[in-house]
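Enquirer: no sequence on hand, only this structure:
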């Protein structure tokens, strides 16, 4: 299953550069990448335009956002990463209360148009 989500960074060049550095190969701690894979996330990409981030995830049949959130909450290394990244991020104005990454809704698929 594909999940597409969006989030903003604080709109200043230093914040955006720091976020890019932390997400370059070797940037995220092993505990973070391990938790992503253990949750059943098969592929994950984050795309950036200006201060806006788009995350695209492909997940397996056993993926549960609730189970991932619970596992992450119990992992101090993941929580440290989330706190560090949270200082660089800001939720979208229309995000639900407590929502960090906001799900996007697919409105077009070329495959559906003969």
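Expert: Received, thanks. Note that the structure is predicted; figures quoted are calculated from it, not measured. Numbering: from 1, shown residues only.

Enquirer: so what's residue 42 closest to, chain neighbours aside?
Expert: residue 58 (4.8 Å; CB to CB, 6 or more residues apart in numbering). Yep, even glycine has a C-beta here, placed from its N, CA and C like the rest.

Enquirer: in what helix or strand does that neighbour lie?
Expert: Under the criterion of DSSP states H and E, residue 58 resides in strand 52-59.

Enquirer: next, give phi and psi for residue 87.
Expert: phi -70, psi -20 (degrees, to the nearest 10).

Enquirer: tally of neighbours for it?
Expert: 11 (other CB atoms under 10 Å).

Enquirer: please renumber the chain so that the first residue is 54 from this point on.
Expert: That works, and once the first residue is 54, the last one we named lands at residue 140.

Enquirer: quick check: end-to-end length of stretch 110-130?
Expert: Start-to-end span of stretch 110-130 (CA to CA, to the nearest Å) is 21 Å.

Enquirer: do the same with stretch 151-167
Expert: End-to-end distance for stretch 151-167, by CA to CA: 40 Å.

Enquirer: now stretch 71-81
Expert: 12 Å.

Enquirer: can you give me the buried ones in that stretch?
Expert: Buried residues in stretch 71-81, counted by 16 or more other CB atoms under 10 Å: 71, 72, 81.
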